[in-house]
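[1] Provided below for reference: sequence and predicted model.
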2 protein chains.
Amino acid sequence: MEKNVSQRISFDDLKLFCKQAYLRAGVPEDEAEIVADLLARSDLRGVETHGALRLPIYIQRLQKGYVRAVCKITTVKERGSTAFLEAHGSMGHVVAHKAMKIAIQKATEHGIGWVSVKDSGHFGAAGLFPMRALEKDFIGYVITNSAPIMAPYGGRERILGNNPLSFAFPTVQYPPIVLDMSISVVSAGKLILCRKKGEKIPLGWAYDKNGFPTEDPYEGYEGGGFLAAIGEYKGYGMILVHEMLTSILTGGKWTQHIKSLYEEDKTGIQGTCHSFMAIDPECFTGRENFKKEMDRYIKSIKESAKAQNVTEILMPGEPEYRTESERLKQGIPLESTTLQELVTLGKSLGISLP
Amino acid sequence: MEKNVSQRISFDDLKLFCKQAYLRAGVPEDEAEIVADLLARSDLRGVETHGALRLPIYIQRLQKGYVRAVCKITTVKERGSTAFLEAHGSMGHVVAHKAMKIAIQKATEHGIGWVSVKDSGHFGAAGLFPMRALEKDFIGYVITNSAPIMAPYGGRERILGNNPLSFAFPTVQYPPIVLDMSISVVSAGKLILCRKKGEKIPLGWAYDKNGFPTEDPYEGYEGGGFLAAIGEYKGYGMILVHEMLTSILTGGKWTQHIKSLYEEDKTGIQGTCHSFMAIDPECFTGRENFKKEMDRYIKSIKESAKAQNVTEILMPGEPEYRTESERLKQGIPLESTTLQELVTLGKSLGISLP
């Protein structure tokens, strides 16, 4: 990947550029700050698929009025530990940031907080939201529905999403544990890449439009096929659970009615639904004990015997943590196509990439 | 499977037999009722691996003093929406039954309830506990750690469990959605069965003791290997998350220190840790709306286009629901080995299978 890198940019500079773009698109200062931080942070952590690469489409959608530039969140219902919010087509990043904050406040007061939101939008990298809980040594959690790219187990219609989940756990010495995963075996992007390279895909990654396993990356996605779920019927079950805990719980838009970022959508609302949870370990073994036990446990896993040819056992979130540490020093490498698109975007908005 | 069936028994008769066995082993009447119901209900729903098949080992462990016959649960900490319990080596079934009840009570009062328990034991079929939440039209959830049969991603030491999760969701017309799954691709029992039959296993089910993928069912489990997680590093991450949300959160026994039901354990405590959650949909779209939306959603999935050669799309919990309906009428078929073991057990306890 580093092959096509034409330039490195600092986290601060990339964030500033994103922020300026959002400001030009009519987003208020505090909200531009939130979403710019999330985008640049995705790149910082090596999650480029949810970083500045997406800025042009996000800005385009704001300009077309598909996303509300000024965030509007209303509280539909609230109890001690729960909140039910409606986001009226606001930017997913800002909505998720604010909803996670409420979940954390609820957990501060009641030990646990659960917040569900309807009528939101694409929020980028899931892992960044539960990570907010780490500031208080809480456990964070998020699930979301998404755009349709998968089929039911035994089906062949693209009506399910890869509905990701993410968890974050605090630690003392070790990097925090951050699991951030979708429920498909691989991403659609991986199939597109294989198709471009003329490579076959392994059986188990995708099905063709008739519902048969395929080794052809085109048939498996762009040709009308669909991505496979992890553990077949098990992942299928998890995808349904995440749908039920988001869109069905809130009466929001099901995945099958959500359009992808790249589709025209005259309704003006993407409508993604999310749920957030925060848990205070103080209600159980205690915050300090919990973090120490996390460290002891991580150590036991990392120091266990390795498979032959493996040099190190990694924990969820560890690769991203290392990338973040390296890129904070060395800067973020921008892939040349992304760079080009950002330059073009900058010109159209009258701002320039540092 | 039906081939070796020598007899059918009614749910009530099987439950009564189990209850009498527990009573003879010193379990009080109300607790014998709880665990007998859970065991017979597992068989009723076709989850034989967690049914009466296990009665002999459960009774043996009670007789040896490895499990506390009279349930003792103490509340370590409690807040509005959370409870932290210690189970002192009591029977997992009874502990889980009581802990789920508390989670439901908390959700009744506060919209959500989360209960974590340490020092419990094997609780059988996970799905039966969140199903309790259905009585109030709540959503139920449980996770547990378990005995070590898996290795970290990149490792080869058996220090992780297949740490199952289960969710239950209420409906109106359709059977409730009950997802009950472990995080391994297949169960250890499936490998043992293949080894007995002299069959190879597909790559992706298990690794050998050096951490290489294997097609040999013996190498993959009994020979020191380990089961594969769904989605490789993704399932590995989920297993860790379930460990962190149970044993690490409670300061209880990690999976790597838990002995299986069939191992001698002089400590007298198996020590499994569980967490339970209940959510009241009334805090979101409302209980009645939620159930109706569940139905509408299930209908949309079931009526979507089927893959070629597939006649029906099933939902999580639907096969078990059908088995339950059939067996309530026709009785539960007992596999001949199980029947033999139950007859032997009955003789030793002075009770007889109806």
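    On my side now, so go ahead.
[2] Now do the helices in chain A.
    A:11-24, A:29-44, A:55-63, A:92-110, A:188-197, A:233-243, A:249-250, A:287-302, A:318-330, A:336-349 (DSSP state H).
[3] Need the winner for burial among those helices.
    Mean neighbour count (mean count of other Cβ atoms under 10 Å in any protein chain shown) peaks for helix A:249-250 among those, with a mean of 26. C-betas here are computed from N, CA, C, even on glycine.
[4] neighbours around residue A:49, how many?
    By other Cβ atoms under 10 Å in any protein chain shown, 13 other residues sit near residue A:49.
[5] residue ranges with poor pLDDT in chain A?
    Low-confidence segments of chain A (pLDDT under 70): A:1-6.
[6] Turn the helices of chain A into TSV, including distance to residue B:229.
    Formatted as TSV, the helices of chain A follow (distance: least, Cβ to Cβ, whole Å):
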stretch	distance to residue B:229
helix A:11-24	34
helix A:29-44	26
helix A:55-63	34
helix A:92-110	28
helix A:188-197	20
helix A:233-243	10
helix A:249-250	28
helix A:287-302	13
helix A:318-330	17
helix A:336-349	33
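[7] Out of those, which is closest to residue B:108?
    helix A:92-110 (14.7 Å; Cβ to Cβ).
[8] any idea of the angle that closest one forms with helix B:92-110?
    Inter-element angle recorded for helix A:92-110 and helix B:92-110: 100 degrees (by axes from the mean of the first three to the mean of the last three Cα atoms, to 10 degrees).
[9] Helix A:92-110 - contacts with which helices or strands?
    Judged by 3 or more Cβ pairs under 8 Å, 6 or more residues apart in numbering or on different chains; DSSP states H and E, helix A:92-110 is in contact with helix A:29-44, strand A:82-86, strand A:112-120, strand A:139-144, strand A:272-279.
[10] and the fourth one, anywhere near chain B?
    This points to strand A:139-144. Yes. Counting by Cβ under 8 Å from any Cβ of the partner chain, chain B is contacted by strand A:139-144 at residue A:139.
[11] Make TSV out of the helices and strands packed on helix A:92-110 and add distance to residue B:151.
    Listed next are the helices and strands packed on helix A:92-110 as TSV, based on distance: least, Cβ to Cβ, whole Å:
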stretch	distance to residue B:151
helix A:29-44	31
strand A:82-86	38
strand A:112-120	32
strand A:139-144	25
strand A:272-279	28
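[12] can you tell which of the ones you listed is closest to residue B:99?
    Here strand A:112-120 is closest among the helices and strands packed on helix A:92-110 (Cβ to Cβ), at 15.0 Å.
[13] Run through the neighbouring helices and strands of the closest one.
    Using 3+ Cβ pairs under 8 Å, 6+ apart, strand A:112-120 sits against strand A:82-86, helix A:92-110, helix A:249-250, strand A:272-279, strand B:112-120.
[14] can I get the ones you listed in JSON lines with distance to residue A:257?
    As requested, these are exported to JSON lines (distance: least, Cβ to Cβ, whole Å):
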{"stretch": "strand A:82-86", "distance to residue A:257": "16"}
{"stretch": "helix A:92-110", "distance to residue A:257": "16"}
{"stretch": "helix A:249-250", "distance to residue A:257": "13"}
{"stretch": "strand A:272-279", "distance to residue A:257": "11"}
{"stretch": "strand B:112-120", "distance to residue A:257": "27"}
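[15] now for the ones you listed, which one comes closest to residue A:145?
    With Cβ to Cβ as the measure, strand A:272-279 is the member of the helices and strands packed on strand A:112-120 nearest residue A:145 (5.4 Å).
[16] Determine the angle, from 0 to 180 degrees, between the closest one and helix A:233-243.
    Using the same axes, to 10 degrees: strand A:272-279 against helix A:233-243 is 90 degrees.
[17] so what secondary structure elements neighbour strand A:272-279?
    Strand A:272-279 packs on helix A:92-110, strand A:112-120, strand A:139-144, helix A:249-250, going by 3+ Cβ pairs under 8 Å, 6+ apart.
[18] Redo those as TSV? Include distance to residue B:307.
    Below are the helices and strands packed on strand A:272-279 laid out as TSV (distance: least, Cβ to Cβ, whole Å):
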stretch	distance to residue B:307
helix A:92-110	32
strand A:112-120	31
strand A:139-144	26
helix A:249-250	29
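[19] follow-up on the earlier one: of the helices and strands packed on strand A:112-120, which approaches residue A:39 most closely?
    helix A:92-110 (7.7 Å).
[20] which stretch among the helices and strands packed on strand A:272-279 comes nearest residue B:31?
    Closest approach to residue B:31 among the helices and strands packed on strand A:272-279 (Cβ to Cβ): strand A:112-120, 28.5 Å.
[21] Distance from the chain centre to that closest one, please.
    Computed by Cα atoms, centre = their mean, to the nearest Å, the separation of strand A:112-120 from the middle of its chain amounts to 16 Å.
[22] Please identify the buried residues of that strand?
    With burial defined by 16 or more other Cβ atoms under 10 Å in any protein chain shown, the residues of strand A:112-120 counted as buried are A:112-120.
[23] Mind picking the two most distant members of those residues?
    Farthest pair in the buried residues of strand A:112-120, by Cβ to Cβ: A:112 and A:119, 24.6 Å.
[24] any idea how chain A splits into domains?
    A:1-63+A:324-354, A:71-184+A:229-303 (automatic domain parsing).
[25] right, and these - which one's nearest residue B:339?
    domain A:71-184+A:229-303 (30.1 Å).
[26] The closest one: end-to-end distance?
    47 Å (Cα to Cα, to the nearest Å).
[27] Which residues are in contact with the residue of chain A positioned farthest from its centre?
    Relative to the centre of chain A, and counting by Cα atoms, centre = their mean, the farthest-placed residue is residue A:308 at 32.9 Å. By Cβ atoms under 8 Å, 6 or more residues apart in numbering or on different chains, the contact list for residue A:308 reads B:156, B:210-212.
[28] rerun that using 7 Å as the cut-off
    B:210-212 (Cβ atoms under 7 Å, 6 or more residues apart in numbering or on different chains).
[29] Also within reach of chain A: list those from those.
    B:210-212 (Cβ under 7 Å from any Cβ of the partner chain).
[30] For these, which single residue is the most surrounded?
    The member of these surrounded by the most neighbours (other Cβ under 10 Å) is residue B:211, with 22 neighbours in all.
[31] The stretch 101-250 of chain A against chain B: which residues are in contact?
    Within the stretch 101-250 of chain A, the positions adjacent to chain B are A:110-112, A:114, A:116, A:152, A:154-157, A:159, A:167, A:169, A:177, A:179, A:181, A:185, A:210-212, A:230-231, A:234-235, A:237, A:240-241, A:244, A:248-250 by Cβ under 7 Å from any Cβ.
[32] Repeat that for the stretch 251-354 of chain A.
    Within reach of chain B by Cβ under 7 Å from any Cβ, the stretch 251-354 of chain A has these residues: A:251, A:254, A:256, A:279, A:281, A:283-285, A:289-290, A:293-294, A:297, A:300-301, A:304-308, A:310, A:313-314, A:316.
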